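Asks: I'll drop the sequence and a predicted model, then ask my questions.
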Amino acid sequence: VHRYLNRQKLPAGVRPLPGPRGIPFIGRVHDIPENASWLKFYEWSKEYGAIYQMEIFGTVHVWISSEKVAHDLLSKRALIYSDRPTIPNLPDNRTSGDYLALLGRTETWKRQRKLCNHLMHTSALASLHSYPTRERDRFLYLMGSDPSKYLEWIEQFTSRTVSRLSWGTAKPAQILRHTTFGLLQTISPSGALPNIISFLQHVPLALSPWKKKEAARHALEDRLFKANIDFVRRSLESGRGEESFVGTFMKSQLPAEGKDEKERLKWGDQEEAMHVVGLMAIAGALTIGSPIQSYILAMCHYPEAQKALQEEIDRVCEGRCPQWEDREKLPMLRAVVKEVIRWRPPVPTGIPHAIEKDDVYEGYLIPKGATIHALEWGITRDEETYPCADEFLPARWVDPAYPTFKEPLTQYPNLNGFSQFGFGRRTCQGIPIVEQDLFLSMGGMAWAFDIRKKVDPVTGKFIPVHWNDYTPLLIAKPCKFDFDAIPRQEGRMEELRQMFDSAREEEEQQDKAIAMDISQFEKDLGAEKIYRDKACEIRYADAAAQSDELEQTASEGSSTPLEPGLELGDSSSEADTESDFGKESLSTRMRVVLDGRVEKTLGIEPVVSVTGVPGAWKWA
Ligand code: HEM
């Protein structure tokens, strides 16, 4: 009926957009695959064109697979294309002010966007950039110690870095991971049924498993953000705290001589800053792991690209690990960063916009209220802009033979204005963080390791690595695969260990000055999860110190002494990664090993008593 009435209203010469015809009422929901839906949307673009529409449960969805069309509409006509659709599983997303990226085009959104921009530029680029470097140093050593746990190390790297940037401490990182991956499920089309069958949003709380789960998750997130704000306030009062986004906000609120009162209060109140910084932390914890994982996947399939990158790093850095200050001299590293994002877009279906008024584009009607998707996957497959689009080809950014080449190479390629960060007034505000985290982590891995497919010890052949199996949520990440990360030179692990130790010492010094107490969250996640981060660190540091001994004991079989340290149950090592979120089976097995004997098998309670407050851990 909706379609029929709309057709009656079309002015002369205006047609509805082409697209796959749907079944009455449900539309086209039946043949959207649960996995890699972007491939299906892209396939339809081949049939119906760079802009087409389809209906799902009465809502018109418009899919755009061309950068030009996306710019024509989302950037040039931003006045009417900058709203966000309602997310059925989070129906107050447009008004509540909790998540800036999901807010409708309201005054709250405008104010929050300005604050986010202000915080990013006043603090991230100035004094905070030692955090990503320190966390990168820590990450490289953990990767080298046990590459099979790469998902855990990457998630620790991204969530710890963004926690430190946001609140000046890495302590909230584990809980942030937990609440953030829950939010991703809440908002993803394939994460919760009401997002597809939208009338399910009207099921009352008492009967809706999705609403109950989201309410519990949100309550935990709220407590975490309040505790973080409280910690930053105490840090500032004590004069011993570290720099952070929230710290920058609080300082801007302080009255000072000569400071105009209107200027002082223009960024909104503390509650609002809490949500803006919270969203920045959520975005950082959610997204940056995707390209880091895709980098490893690319290196498994393109060893020659890895060689070219290593050649540049070795030549420019003369044997040392690349630093952020080297960026002008490392165009190939910047090209690899950009190409990873193009090759495997982290947000392949884009974050949808909503249109506020009927519009006509090249004779086609785009109806008011439609959900508009810039299909990032499709945009990156455009052969005119990206010849051999399916290939991982960093040279396209630094070789004049390709259409994407741009000079000067001291500045380009970079991520500013890249289609993969969206369009118009809603473009991503996290690019400075993304650029730095990826430059440091990918550059560090290329310097430290040869990444390659694992060799099967029986057949002597490479174990196959998938080409394009990705997780189905809004932020897509490669499904787990096996690979080797082999230190490139003798002594490199020792160098990594020293970098790790110095990062850890620095953090311990900071914690000694003032540490955040996260014990109030033990009952929410279990102490094991919260403190695992610290425990892994100690275990791996100890393990490396005795690497010779370890090699020996491994060859001697099970009767040999165990190495000292804290052992975590196998399933716990990845229990909090995105793919495992929501599974209730948390391993609580922890063993303390001293003098080669199991001293104690610990559950949640004893762990607390052994570790004490985080930061006060002492290995006896
Ligand atoms: C690889 C990492 C990332 C990718 C690929 C990415 C991509 C995107 C995309 C596609 C959008 C939607 C743009 C649109 O609607 O047109 C977006 C929005 C946003 N991103 Fe990112 N992002 C990343 C990391 C980050 C980080 C680390 C932050 C931290 C500050 C961040 C903050 C934001 C914000 C605040 C918005 C919402 C802007 C608005 O709605 O007004 N992003 N991002």
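Replies: Alright, I've got the coordinates.
Asks: so for stretch 467-478, what's the average pLDDT?
Replies: Averaging pLDDT along stretch 467-478 gives 94.
Asks: ends of it, how far apart?
Replies: From its first residue to its last, stretch 467-478 covers 9 Å (CA to CA, to the nearest Å).
Asks: and for stretch 418-428?
Replies: When the termini of stretch 418-428 are compared using CA to CA, they are 10 Å apart.
Asks: where in the stretch 401-550 of the chain is pLDDT low?
Replies: Applying pLDDT under 70 to the stretch 401-550 of the chain picks out residues 527-550.
Asks: now swap in the chain and tell me
Replies: If you take pLDDT under 70 as the line, the chain has these spans: 1-9, 24-30, 123-128, 256-259, 527-620.
Asks: close to the ligand: what parts of it are there?
Replies: 100-101, 113, 116, 279-280, 283-284, 287-288, 291, 346-347, 350-351, 353, 420-423, 426-430, 433-434 (CB under 6 Å from any ligand atom). C-beta here means a position set from N, CA and C on the backbone, and glycine is covered the same way.
Asks: just those residues: which are in strands?
Replies: Filtering the residues of the chain next to the ligand for membership in strands, criterion DSSP state E, returns H353.
Asks: where do the helices sit along the stretch 251-400 of the chain?
Replies: For the stretch 251-400 of the chain, applying DSSP state H, counting those that start in this stretch gives helices covering 261-265, 270-287, 289-301, 303-317, 331-343, 376-379.
Asks: right, and those - which one's nearest Y141?
Replies: Of all those, helix 289-301 sits nearest to Y141, with 15.6 Å by CB to CB.
Asks: could you say what helices and strands that closest one packs with?
Replies: Secondary-structure packing of helix 289-301 (3 or more CB pairs under 8 Å, 6 or more residues apart in numbering; DSSP states H and E): helix 150-167, helix 303-317, helix 331-343, helix 431-448, strand 449-453, strand 483-487.
Asks: list the beta-bridge partners for P487.
Replies: F449 (DSSP bridges).
Asks: list the residues that contact it.
Replies: 144, 448-449, 493, 496 (CB atoms under 8 Å, 6 or more residues apart in numbering).
Asks: how many residues are close by D314?
Replies: Per other CB atoms under 10 Å, the neighbour tally for D314 reads 14.
Asks: contact partners for it?
Replies: W447.
Asks: and if you look at N195?
Replies: N195 neighbours (CB under 8 Å, 6+ apart): 87-89, 187-189.
Asks: how about those residues, which pair is most distant?
Replies: P88 and S188 (11.7 Å).
Asks: neighbour count winner among those two?
Replies: P88 (23 against 19).
Asks: what sits against the more buried one?
Replies: 194-195, 198, 200-201.
Asks: might one say that Y386 is in contact with W397?
Replies: No: counting by CB atoms under 8 Å, Y386 stays clear of W397, with 10.3 Å between them.
Asks: of the contacts of N195, which belong to strands?
Replies: Using DSSP E, none of those sit in strands.
Asks: among these, which one sits closest to G247?
Replies: Among the contacts of N195, I187 lies closest to G247 (CB to CB), at 28.8 Å.
Asks: how many residues are close by the closest one?
Replies: I187 has 21 nearby residues by other CB under 10 Å.
Asks: with the one 3 residues further on instead?
Replies: By other CB under 10 Å, the residues close to S190 number 17.
Asks: please apply the same query to T410.
Replies: Count around T410 with other CB under 10 Å applied: 11.
Asks: disregarding flanking residues, what is the spatial nearest neighbour of it?
Replies: E328 (4.3 Å; CB to CB, 6 or more residues apart in numbering).
Asks: related to what we said a few turns ago, can you flag the buried ones in the contacts of P88?
Replies: Taking 16 or more other CB atoms under 10 Å as the criterion, what is buried in the contacts of P88 is 194-195, 198, 200-201.
Asks: closest to the ligand among those residues?
Replies: N195 (17.0 Å; CB to the nearest ligand atom).
Asks: from K307, how far off is that closest one?
Replies: Distance, N195 to K307, using CB to CB, to the nearest Å: 43 Å.
Asks: one more: V337?
Replies: 17 Å.
Asks: what residues are up against H218?
Replies: Taking CB under 8 Å, 6+ apart as the test, what H218 contacts is D98.
Asks: give me the phi and psi for it.
Replies: Dihedral angles of H218 (phi, psi; degrees, to the nearest 10) stand at phi -60, psi -40.
Asks: in space, what's closest to N414 - neighbours in sequence excluded?
Replies: In space, N414 is closest to R334, 6.2 Å off (CB to CB, 6+ apart).
Asks: now the strands for the chain?
Replies: For the chain, applying DSSP E gives strands covering 15-16, 51-56, 59-64, 353-354, 359-361, 364-366, 371-374, 449-453, 483-487, 565-568, 590-594, 597-602.
Asks: can I get these in JSON lines with distance to E135?
Replies: Below are these laid out as JSON lines (distance: least, CB to CB, whole Å):
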{"stretch": "strand 15-16", "distance to E135": "50"}
{"stretch": "strand 51-56", "distance to E135": "40"}
{"stretch": "strand 59-64", "distance to E135": "36"}
{"stretch": "strand 353-354", "distance to E135": "33"}
{"stretch": "strand 359-361", "distance to E135": "44"}
{"stretch": "strand 364-366", "distance to E135": "43"}
{"stretch": "strand 371-374", "distance to E135": "31"}
{"stretch": "strand 449-453", "distance to E135": "17"}
{"stretch": "strand 483-487", "distance to E135": "18"}
{"stretch": "strand 565-568", "distance to E135": "21"}
{"stretch": "strand 590-594", "distance to E135": "25"}
{"stretch": "strand 597-602", "distance to E135": "27"}
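Asks: wait, which of the ones you listed is closest to P413?
Replies: Once the strands of the chain are compared by CB to CB, strand 371-374 is nearest, at 20.3 Å.
Asks: so F199 touches F57, yeah?
Replies: Yes: taking contacts as CB under 8 Å, F199 lies within contact range of F57: 7.2 Å.
Asks: of these two, which one has the most company?
Replies: Per other CB under 10 Å, whichever of F199 and F57 has more neighbours is F57, with 16 against 10.
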